[in-house]
Each structure stands twice: as structure tokens, then as C-alpha cells.
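K.L.:
any chance you could fold what I've pasted below:
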Amino acid sequence: MALFLWLVPFCAPAAELTFATEPLQIISAGGKVHRLTVELAVDGAQRAQGLMNRRHMPRDRGMLFDFGETRQVMMWMKDTYLPLDMLFIARDGEVKTVRENAVPLSESIIASRVPVAFVLELNAGTVSRLGIAPGDIVDSQHISAAKP
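P.N.:
Numbers count the residues shown, from 1 in each chain. This next block holds a predicted model:
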């Protein structure tokens, strides 16, 4: 089986894009439910732009990247001014890897370490504040529609 590495974003887009939004919930192992609103990055241009060049994101917001398939994912923070936490999520919604406090503007690779279908970017500190951990479940209309 071929291993696909994916670096997102590839380059800066020519113009700012718009993103659809939807409610999303994170269900912790203890049953606590955290509700957020996320922007959806579902096509190549949206995934490439992501949260680049933004200076603020409300506390109850995030961005959900859908890669359209399950594979190892690699992200970076180039041109991203917001410090972020990243949840790497399997097709069934299970959080597989958590990476906290990604450094703004860094070109260091942030890898999923395992094949995933989604990445949820949140403001840095959200993982710690909400107690999010691998094994928690992320659910939204978009994730539910992609479940096997």
C-alpha cells in the first residue's frame, strides 16, 4: 500500500476564499460534549489557504480540513499568524493525534503520524482547556456524511 504524504498548504492562493460553516461537537472519553462552529476547507484551494493571514479567530470557532481520503497528513504554519492546536481525525471521527501550540509562521512540519481523513484546527490552548485527547470523537454533518 502506497503511503501518501500531503503538505498543506502548498502555496499562498491569489485571493481570499470563503468557507461554508457548520456546527461541530467533540465528545470526550468522559462523555463531556464541547460545541463549536467550524469553517470547512474541502477543496484544494480552501485547504491551501486554511487560516493563513488571519489575525483573530473567536474562541468557539475552528477550521475542519477534509482531505477526501485517508492518508498521512502533513501541515505547516507558513503565513499563519494564529497559534493553533491541531486534531488529526480518522474517517469515523476518532481523534488519532493531537498537536498543541503550533508556532505561528513556522515552516516546521506537523505530521499526523498515522493515516487520517480530517484535521481540525483550533485556537492554541483549546485542547488543554477542554481536555481533548486521542480517542475522543469529533462529529459534524460533514464528518457523519463521510463515515464508512
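
K.L.:
what about M57, distance to E39?
P.N.:
From M57 over to E39 the distance is 9 Å, taken as CB to CB, to the nearest Å. Just so you know, the C-beta spots here come from the backbone N, C-alpha and C atoms, and that holds for glycine as well.

K.L.:
before we move on, what about P115?
P.N.:
From P115 to E39 the distance is 24 Å (CB to CB).

K.L.:
so which residue is dead centre in the protein?
P.N.:
Central residue of the chain (CA atoms, centre = their mean): L120, 2.1 Å from the mean position.

K.L.:
for the helix or strand encompassing L64, packing partners?
P.N.:
According to DSSP states H and E, L64 maps onto strand 61-71. The elements that strand 61-71 packs onto, with contact taken as 3 or more CB pairs under 8 Å, 6 or more residues apart in numbering; DSSP states H and E, are strand 33-41, strand 116-123, helix 141-146.

K.L.:
and these: which comes nearest M75?
P.N.:
Among the helices and strands packed on strand 61-71, the nearest to M75 by CB to CB is strand 116-123 (6.4 Å).
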